[in-house]
Structure formats: C-alpha cells, structure tokens
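[1] Please work out how this folds:
(chains A, B, C and D)
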Number of protein chains: 2
Amino acid sequence: MSGGLVAVPAPAGQQTVRRHNRALVLGYVAEAEPVSRARVAEHTGLTRGTVSSLVDDLIAAGMLTELSAVRGATGRPASPLQLNRSGPAGLGLEIGVEHVGASVVDLSGTVRVSRRVASDHRDQPPDVGLGAAARLAADVVAGAGLPVAGACVALPGLVDAAGVLRRAPNLPRWDDVDAPERLSALLATPVRAANEADLAALAELWFGDVPADFVHVSADVGIGAGIVLGGALFRGPGGCAGELGHVVVEPGGPACSCGGAGCLERVAGLDALLRAAGASDVEALVAHPGPALAVAAGSLRIALGAAVSLLDVRTVVLGGVYARLGEDLREAVAAELATMTPPVDVRIADPATGGALRAAAASVVRALISG
Amino acid sequence: MSGGLVAVPAPAGQQTVRRHNRALVLGYVAEAEPVSRARVAEHTGLTRGTVSSLVDDLIAAGMLTELSAVRGATGRPASPLQLNRSGPAGLGLEIGVEHVGASVVDLSGTVRVSRRVASDHRDQPPDVGLGAAARLAADVVAGAGLPVAGACVALPGLVDAAGVLRRAPNLPRWDDVDAPERLSALLATPVRAANEADLAALAELWFGDVPADFVHVSADVGIGAGIVLGGALFRGPGGCAGELGHVVVEPGGPACSCGGAGCLERVAGLDALLRAAGASDVEALVAHPGPALAVAAGSLRIALGAAVSLLDVRTVVLGGVYARLGEDLREAVAAELATMTPPVDVRIADPATGGALRAAAASVVRALISG
DNA sequence: ACTCCTTTGTTCAGGCATCGAACAAACACG
DNA sequence: CGTGTTTGTTCGATGCCTGAACAAAGGAGT
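    Model prediction:
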C-alpha cells in the first residue's frame, strides 16, 4: 500500500531527530558540494561533533564520499565532502504514445545513461509498452553500472494519488493500469508513477531558471498544467490538479469529450490549432501559424488568467506545442495578460532541461536526499 | 518581522521532539475529551509514562485540567483530562464596511462572549475602524474574564502574507494598512490578520459539515473564494489565492476595474445581480430573483468549473449573497456542473457556523493547540 | 629550522526525552 | 475479604545533541 494522503500524527523520538538532521546535512552537501564538515555545521546550525557523527553514517550508507584534503589556505586543510557518484542512483522511465525512454542519474543529478526508442502503444494492450519500458530499463541500468535505489515512470495521462493511471486520452486500452505495481515486479525495484506534465514542470523547476512558484503548461492534443508552489509540486487532493485543458474559455463553444463546451483543449489544443492554421502537422503549424497564434493567445488569456487568480502565481511557462510556437506566442500571451495585477511573467520552456524523463529520474534521488 | 514563507531548514533536538509530542497529546485530548491518559497513550503511540510527563507540563501551562475520577467500570477509575475552560483564550475581531465585531472563545472552541456593533468606515480613515474594534475588544475581553493569548482580525480585502491589508474594495482609505501592528499596540496582544472570505471557509470547515477539501465562495459586491485543501487553508505563495471574482466568465463582457473584461464579479457580483433582477437591495433580490438566478448559475459554472479543474476539489460551498439565494441557486449551479467528471457536490453555507468572526477567534486557539 | 597561529575534525562528559518494565493505587466482582 | 483488572507513576537504560577540551595539519613570520 502506498502512503496515505493525510499525514497521520506519529509520535517523535530520537530517531526522528536523527533522520531530520541527516537529511539536513545531506541536503546542504548536495547544494554546496564540495564542502567541509565545518561549513556544514556553520550553515545547518548543528555542532561540528554532531555533523561528524552524521557524516560517518552517510559515508557508511554510501551517500557521501570524502575527497583528499585540499591545501593552500591557512589552518588545517579541510577534507571536502561530496555526493557519492557511485552511490544509489535513480531510474527514470517514460512511456509515451509512440516511444519509451529510460535514464539513470547518479546522486548528484548527473545523467549517466539515457536512451529513447520508438515503440507504438496507441492500439496495443498495456503489456506491450510496459514490457518495452522494462527491457529498455534493464539495458540502461546494466550500462550505468550503479545500484538503482528506485524508479519513477512518466505517464501521458491522469495518475491518481495511489499511482494508478486512470485515463490516458491517447492510449485507449490503458484505463486503470497500475503501472508502478507491474513495473516494480518486472524490475525488482520500487516504482512510483507521475503525470508527464507534472514532471515537465519539475524539470523546469530543477534544471531551468524559474522562481519557486509557477504554472507550466504542457500542450499537445490534450492540455495539462504542472503547478509548482513553494518549490514543490502541487498535485491536489486526488492527484489530478492542473486540468487546465477543461477550463471553459469560450462559453457556448464546441462540445468537448468531458461533457462541457468551449474547453481550452477544444479551442486551442493541437487539433484546433492545426485547423486554424490550415496545417497538416506540427512542423507546418510552426512554419506558418497564421491565425492560430491569436486563437491560442486569446484562449490562454482566459485559462491562465483563471489559474493566476486562483493560485496566486506570477509566472507562467509555456511548454509542449506552445513552446514550439516560440517567442511570437509568448509575446502575444504576455500582451493579453499585461492588464492583470499583479503582472504576470510569461516564459517559454527551456529546451535544455531534459524534460519529464530526466525529472523522473531526478525525483528518485531527490526523495533519497530529502527523506 | 513575521515568519518567512519558505520553511528554513532548522536543526532538530530533543526540544523539537518534546514540542511535537506535546502538541500531539493536546490535539488528541481536544478531539476526544474527556479522555484518560491511558487512552491518549494508546491512540498517540506514546508510552503511558511519556504521556503522564507531557500532561504534567500541559496542566502546569494551564492548557489542561483533570476532572474527578469516574467510577463504574472495571479496573482502577481513570482521571479524565479536558481542555481548560479557564485557560488561554482566543480573541476574534471583525472589521466590516459598516460594523465591527469581537468575540472570545475558550480553549475548547466554545464562544464565551460575542458582540457586534454598527460602525461606518466607508469614507473614514483607518483609525476610526481600528479604534472602534479595539474598544469593543477591550469590552468583550473584560466580560469574558479569560486570559487572552492572541487575536486574529478578519478584514474585507486582500491581506498579504505579512498581514498587511493591501487593498479593500469598499474601504478606499484603507490601502496598505498594517492592521495587526496597530491593533497589537492597542490591545497589548499579538494580532494576526486574515481575509474575511478565508475565515468564512474555515468556519465551514471547523463548524460545518464539509469534507477536508473544498472551495467556499463568498459573494458580495466583490467575490472571493476560500480554498481549503487537506483540512488547511490554501493562501497561495503571496497570500492572495482564491481571487475567483476576476476569473473571466464572459469573454468580451463588461469592463472590470481589474483591467479585464467579463470577470465573474462584474457579471454575477451583487451589483450585476441587483440589475438583472431589477431589485434595489438584497432583500428585494432574494424575494424575486427572476433572471438573476440563471445569470449567476451560468457564470458560476465557468468560474467554479475552472477552480474544480485546477485544484481537483469535489465540493463547492456557496456563501454570502449566493447563500441567501438558497436552494434554487444551489440546484441551478449543481445542474450546470453535473456534466463534469468527477461529479461536483454543490452546497449552501451552513448559517449556524458563526462565520468569519468565530473562525478568527477559533484560529487563535487552534494555533495554540497545534503549535 | 623553529615557533606561533589558525582552522579542522574527534572525543567525552552532561543533559534531555523516550521506552520498557516493574510497581503502587483504586475499584468491581464473587 | 481476596482476586482480577485497569490506571498512573517511578526508575534504569538507551539514544541523540551540546559544549568544551583536545589532537591534527598546515601556513606565516623570524
């Protein structure tokens, strides 16, 4: 059984304190490496003695390594601490409509191996995609030669709080698939699942240049939003927060599969944009967007305006197809949102972040470090 | 300086553990009183010895009292524990456009004294309202005869994370008023400030019959929403979340003071509803709503649909003027939202909760208990 | 070459909080 | 009146952090 939604109050003991402080030390090393025990003590507020004891634990657990002493400064040379590049690693998986991907990152977040292969799942049963992902994963893990501590799989649909894929618009045979359970049996490793749009938002947070509060829009045939608040993903009570695609932007507009009418997805999703531009595929749309730009900007003004008003975020990142439309769309959306108070900062997703696959792998080591 | 937004990592020691477990015990007594030490130990997972020690602290601090032993069952009779009705109390304040209110609740959440007097602030400087509130507060506190541990003031406008009233639509001279600082000087007690709509939502959570995740709409001239997630208020990164009134529900509709057009507030706020119904005041509107019902329901379908999609809540509570419109409006909105998946539960705010004033006072003792 | 100074990392007694078990208290029941 | 049951307290053991003293390892100046 996966963890409950509401934190059940648990008694605290000395072990609780130890865990907390161990994570505190590890977290500071992760963000300031290489760093000496003395600096860790200074920044965390712990005693040098306590830090030494905690570091001993962490080295024994394979999380940290000690470099050779560095000479040159006054006083006794420090022995710098670093995250162990050969320690527990994270496995990231991605199952898309027409591909699978797998990636291994070490404790420092560096990508060690990453592969992506075509694999059509549109009309196949889930076993095909799960099997392909598992084979690729085994391959990648063997190539990395690191002990894998856990995995996270990015899925193109609604993932509930328990990790079950409830519905994937483009994978009609994947309703209610418990991907984590199936994959953890195949890989002999604990596996979590997450929405691909959510992981894309985390990629932007961890590897891009954005503040700690923003909304990341992933546009494709469907439109989802990853919401980041206070540097953490906001998944909502049931894990389905950020369904931006079904916000109504055109009352009385075209009917949507969700039962509503005039949803953003229906008005400014990929299909609608292709139609507006008279284009047959994404490449043609990007080359000659024409009226599609205005359609997208006007619709996004309403949907993103609602998100900004309700969530009180001041930064919006455009991803997916919207990112492909580039600066022209960004400017148009920014102009539409310019009237709002407080002002909204509109950006294009950074293409160098590595996307959902990298974030999936990184989420595993992040959980290791902060847990 | 008030507390930062992001939790700065702090080292944990034995005192941390003590605080945590003390709050754990106190919290369980609060929800199960009267209750014996043995039952507290059983439910918290702590040892009976530890619970005894913690309870000694709490009795010495005036938070708990021990009742006389109850006889009748087998075994040694328990000495039941209860929240101390004479212990630290919470002071709630409310500053409205045309009134002030003050209320004292004891540790158990029971209202001990509550008063509300007319006081027009519409075109007055802040000192008038603050002074009136302070005088009423002194009066009420004297009448209650309890030691006041702190206060919380409900304000009809945007309160930022530091507690400053940024903007109040109906109090033009109250921009950027640091009400907590002014009031704490007048009352010699720490004072927090909160949005009135947020507190109304908490009143529903604590004293009404709603799940732990919902959106509470406070409709008046302006429209705000209190968002409750996981049993806690969601205020957003800057403290201004839930600005439902400026969600666009009618693209190209009437211009709004926020710079947009077709905002919910402009289309289905009190002024618009009065106009739609041809009524001159709220009483007339409630008596003969006429087309105002359809206008409100259609607009709320869009705005609440957006909130539900983005936040993943399944319950919506209608308050303020919308609550006055009663079951007719509830049914109309529920019908509009019936097409959504998952289904949305639409309710009317419970008039017996005591509203923002009671929630303000209760928030103080709740903070005492869980802190 | 030698001494002084600075900084680093370890060691050890002290204090604090929890746990587990033993023990005393209080009452019902037969 | 003795037995059984439940409650609440007491006490030693354990674990963890703190603070200070101490050893280690180099640079700087004479």
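
[2] Give me the pLDDT value at A:Gly239.
    The pLDDT attached to A:Gly239 in the predicted structure is 88.

[3] what does the one 4 residues further on give?
    What the model reports for A:Glu243 is a pLDDT of 93.

[4] Report the separation between it and A:Gly230.
    A:Glu243 sits 21 Å away from A:Gly230, taking CB to CB, to the nearest Å as the criterion. C-beta: built from backbone N, CA, C; applies to glycine.

[5] ok, those two, which is more surrounded?
    Neighbours of A:Glu243 and A:Gly230, each counted by other CB atoms under 10 Å in any protein chain shown, are more numerous for A:Glu243; the result is 24 against 12.

[6] How much space separates the residue nearest the centre of chain A from A:Ala356?
    Centroid-nearest residue in chain A, with CA atoms, centre = their mean: A:Leu199, separated by 2.0 Å. Between A:Leu199 and A:Ala356 the distance, using CB to CB, works out to 4 Å.

[7] Quickly list what's touching both of these two.
    A:Ala154 (CB atoms under 8 Å, 6 or more residues apart in numbering or on different chains).

[8] So which residues of chain A form strands?
    For chain A, strands defined by DSSP state E occupy the ranges A:64-66, A:81-83, A:89-95, A:99-105, A:111-118, A:148-155, A:158-159, A:165-167, A:191-195, A:214-219, A:223-229, A:232-234, A:315-320, A:345-348.

[9] Tabulate those (CSV), appending distance to B:Ile95, mean pLDDT and mean neighbour count.
    Output for the strands of chain A, formatted as CSV (distance: least, CB to CB, whole Å; pLDDT from 0 to 100; neighbours: other CB atoms under 10 Å in any protein chain shown):
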stretch, distance to B:Ile95, mean pLDDT, mean neighbour count
strand A:64-66, 54, 96, 18
strand A:81-83, 53, 97, 21
strand A:89-95, 52, 97, 27
strand A:99-105, 53, 97, 26
strand A:111-118, 55, 96, 15
strand A:148-155, 49, 97, 25
strand A:158-159, 44, 92, 22
strand A:165-167, 46, 92, 19
strand A:191-195, 43, 96, 23
strand A:214-219, 33, 95, 27
strand A:223-229, 29, 95, 27
strand A:232-234, 32, 95, 18
strand A:315-320, 33, 96, 24
strand A:345-348, 34, 96, 18
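
[10] nearest to chain B, of the ones you listed?
    The stretch from the strands of chain A with the least distance to chain B (CB to the nearest CB) is strand A:223-229; that distance is 6.1 Å.

[11] chain center to that closest one: distance?
    When distances are taken as CA atoms, centre = their mean, to the nearest Å, strand A:223-229 is centred 10 Å away from the chain's centroid.

[12] What of stretch A:211-222?
    11 Å.

[13] quick one: contacts for A:Gly150?
    Residues in contact with A:Gly150, defined by CB under 8 Å, 6+ apart, are A:Gly90, A:Leu91, A:Thr189, A:Pro190, A:Val191, A:Arg192, A:Val364, A:Ala367, A:Leu368.

[14] And the furthest pair within those residues?
    Farthest apart among the contacts of A:Gly150 by CB to CB are A:Val191 and A:Leu368. That separation is 14.5 Å.

[15] And whatever residue of the stretch 151-300 of chain A ends up closest to DNA strand C, its phi and psi?
    Using CB to the nearest atom of the strand, A:Pro190 is the residue of the stretch 151-300 of chain A that sits closest to DNA strand C, at 27.2 Å. Phi and psi for A:Pro190, reported as degrees, to the nearest 10, are phi -60, psi 130.

[16] Please apply the same query to A:Thr341.
    A:Thr341 has phi and psi values of phi -120, psi 130 when expressed as degrees, to the nearest 10.

[17] wait, it sits on B:Gly259?
    Yes - here A:Thr341 reaches B:Gly259: they are 6.8 Å apart, a contact under CB atoms under 8 Å.

[18] Name the residues contacting each of the two.
    Here A:Thr341 and B:Gly259 share no contacting residue, scored by CB under 8 Å, 6+ apart.

[19] What about the residue of the stretch 251-371 of chain A found nearest DNA strand C, how many residues nearby?
    When distances are taken as CB to the nearest atom of the strand, the stretch 251-371 of chain A approaches DNA strand C most closely through A:Ile369, which lies 20.4 Å from it. Summarising burial for A:Ile369: neighbours were counted as other CB under 10 Å, giving 19.

[20] Likewise for A:Val29?
    Other residues near A:Val29 come to 24 when the count uses other CB under 10 Å.

[21] my read: it touches A:Val35, true?
    Yes - using CB under 8 Å, A:Val29 makes contact with A:Val35 at a distance of 5.9 Å.

[22] Next, show the common contact partners of those two.
    Once CB under 8 Å, 6+ apart is applied, the residues that A:Val29 and A:Val35 both contact turn out to be A:Leu81.

[23] mind listing what A:Asp120 touches?
    Residues touching A:Asp120, when contacts are defined by CB under 8 Å, 6+ apart, comprise A:Val97, A:Glu98.

[24] where's it relative to DNA strand C, distance?
    Here A:Asp120 is placed at a distance of 54 Å from DNA strand C (CB to the nearest atom of the strand, to the nearest Å).

[25] how far away is that residue from A:Gly129?
    9 Å.

[26] again with A:Ala162
    For A:Ala162, the distance to A:Gly129 equals 20 Å [CB to CB].

[27] Which residue of the two possesses the greater neighbour count?
    Neighbours per residue, other CB under 10 Å: of A:Ala162 and A:Gly129, the larger number sits with A:Gly129, 25 against 16.

[28] For the single nearest residue of chain A relative to DNA strand C, what are phi and psi?
    Using CB to the nearest atom of the strand, the closest approach of chain A to DNA strand C is made by A:Gly75 at 2.1 Å. A:Gly75 has phi and psi values of phi 90, psi 180 when expressed as degrees, to the nearest 10.

[29] show me what contacts it?
    No contacts exist for A:Gly75 under CB under 8 Å, 6+ apart.

[30] For the closest residue to A:Gly320 other than its chain neighbours, which residues are in contact?
    Of all residues not flanking A:Gly320 in the chain, A:Ala219 sits nearest, at 3.9 Å (CB to CB, 6 or more residues apart in numbering or on different chains). Neighbouring residues of A:Ala219 by CB under 8 Å, 6+ apart: A:Ala268, A:Gly269, A:Leu270, A:Leu318, A:Gly319, A:Gly320, A:Val321, A:Tyr322.

[31] mind checking how far A:Ala219 is from A:Gly27?
    From A:Ala219 over to A:Gly27 the distance is 34 Å, taken as CB to CB.

[32] got it, and A:Leu368?
    Relative to A:Gly27, A:Leu368 is positioned 11 Å away (CB to CB).

[33] More neighbours: the two, which one.
    More neighbours surround A:Leu368 than the other of A:Leu368 and A:Gly27, with 18 against 15 (other CB under 10 Å).

[34] What is the burial count for A:Gly278?
    Each residue near A:Gly278 was counted by other CB under 10 Å, and the total is 12.

[35] oh sorry, the question was meant for A:Gln124
    Using other CB under 10 Å, A:Gln124 has 15 other residues around it.

[36] Over to A:Thr50?
    18.
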